[in-house]
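S.K.: Next comes the sequence, and after it the predicted model I'd like to discuss.
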Amino acid sequence: MTAGRRDPAPLDALDDEALLRAHVAGDPAAFAELLRRHRDRLWAVALRTVGDREDAADALQDALLSAHRAAPKFRGDSAVTTWLHRIVVNSCLDRIRRRQAHPTVPLPDGSGDPDRPVGVEPAAPVTDHDTALVVREALGRLPADQRAALLLVDVQGYPVAEAAVLLGVAEGTVKSRCSRGRARLAMLLGHLRPVPSATVRNRPPGGDVRSVSGSVVSDGGGEGVS
C-alpha cells in the first residue's frame with residue numbers, strides 16, 4: 001500500500017475526488033494519475049485559449065503547479081475537472097493579459113521599402129489549408145474574456161452555466177461575451193464563407209461562425225505537452 005493513502009484500491013480505480021484526497025494525504029503518485037486522465041484536454045484548453053504553443057505550455061505548467069499546491073483547499077463544490085479547468089483558464093487569461101501589457105515588437109528585416117506607407121495588407125483569397133490559421137488569428141484578435149467564453153462554449157461544448165463556473169462570472173456575462181465575440185468573428189471571417197446577399201439578410205449575427213471556428217480550432221487538442 002502506498003504511503004499516505006489508506007485506500008488499498010489501485011489508483012486507476014479511484015475517482016477524481018478520491019485521487020485528489022490521496023494526493024493531499026501524501027500519495028506521491030495520485031496527482032500524476034489525475035493529470036494522466038485529464039492532461040490532454042487541459043492542454044487543448046490552454047492551447048486554444050492562448051493560441052501559441054510555447055505560451056500555452058507555460059500557462060499549463062503554471063496552472064498544474066497551482067493545482068498541486070491548492071489541492072488542500074478543494075472543497076468539492078464542483079467536479080475536480082471543473083476545478084482544474086478553471087485554474088487552467090485563469091492561468092491562460094493571466095498570461096494573455098501579461099502579453100498584451102508587454103507586447104513584443106518585431107525587428108525590421110531590412111527588406112521593406114522605406115517610402116512605402118505602413119498599413120494593413122489587403123487580404124488575399126483564403127485557401128482551404130489556410131483556414132485554420134486565419135481563424136486562429138481572428139480568435140487571437142478578440143479580447144481575452146470573449147475568446148475564453150467562445151472557446152469554452154462553442155469549441156469545447158460546455159453549457160453556459162458550466163462555462164460561467166469555470167470563468168467565475170455570471171451566466172449572463174458568458175452569453176454577452178459569446179455574443180460580442182461571435183459578432184466580431186463574423187466580421188473578421190466573413191470572407192471565408194461567401195453567401196448570397198439574401199442569405200446574409202436572413203442570417204442572425206455570427207450565425208455561421210460557430211461551425212467555422214469550431215471545426216478548425218479543434219485540431220491539436222489531443223497532443224501532450226513536452
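M.R.: Perfect, I can see it now.

S.K.: for the helix or strand harbouring residue 165, which positions count as buried?
M.R.: Here residue 165 sits within helix 160-167, counting by DSSP states H and E. Across helix 160-167, burial judged by 16 or more other C-beta atoms under 10 Å covers 162, 163, 164, 165, 166, 167. For glycine as for every other residue, the C-beta is placed from the backbone atoms N, C-alpha and C.

S.K.: out of those, who's nearest residue 94?
M.R.: Minimum distance to residue 94 across the buried residues of helix 160-167 is 12.9 Å, recorded for residue 167 (C-beta to C-beta).

S.K.: returning to what we had before: taking their axis directions, the helix or strand just after the helix holding residue 165 and helix 160-167 sit at what angle?
M.R.: As assigned by DSSP H and E, the chain's next helix or strand after helix 160-167 is helix 171-188. On the basis of axes from the mean of the first three to the mean of the last three C-alpha atoms, to 10 degrees, helix 171-188 is oriented at 90 degrees to helix 160-167.

S.K.: Show me what helix 171-188 is packed against.
M.R.: If contacts are counted by 3 or more C-beta pairs under 8 Å, 6 or more residues apart in numbering; DSSP states H and E, helix 171-188 sits against helix 131-140, helix 144-150, helix 160-167, helix 209-217.

S.K.: for that helix, what is the average pLDDT?
M.R.: For helix 171-188, mean pLDDT is 91.

S.K.: Dump it to PDB, restricted to CA.
M.R.: The C-alpha coordinates for helix 171-188 follow below in PDB (Å, rounded to 0.1, in the frame of the first residue of the first chain):
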ATOM      1  CA  GLU A 171     -24.200  33.200 -16.900                       C
ATOM      2  CA  GLY A 172     -25.400  36.400 -18.500                       C
ATOM      3  CA  THR A 173     -21.900  37.600 -18.700                       C
ATOM      4  CA  VAL A 174     -20.800  34.500 -20.600                       C
ATOM      5  CA  LYS A 175     -23.700  34.900 -23.000                       C
ATOM      6  CA  SER A 176     -22.900  38.500 -23.600                       C
ATOM      7  CA  ARG A 177     -19.200  37.800 -24.200                       C
ATOM      8  CA  CYS A 178     -20.100  35.000 -26.600                       C
ATOM      9  CA  SER A 179     -22.500  37.200 -28.500                       C
ATOM     10  CA  ARG A 180     -19.900  40.000 -28.800                       C
ATOM     11  CA  GLY A 181     -17.200  37.600 -29.800                       C
ATOM     12  CA  ARG A 182     -19.300  35.900 -32.500                       C
ATOM     13  CA  ALA A 183     -20.300  39.300 -33.900                       C
ATOM     14  CA  ARG A 184     -16.600  40.300 -34.100                       C
ATOM     15  CA  LEU A 185     -15.600  36.900 -35.700                       C
ATOM     16  CA  ALA A 186     -18.400  37.300 -38.200                       C
ATOM     17  CA  MET A 187     -16.800  40.500 -39.400                       C
ATOM     18  CA  LEU A 188     -13.300  39.100 -39.300                       C
END
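
S.K.: how far off helix 131-140 does it point, in degrees?
M.R.: 130 degrees.
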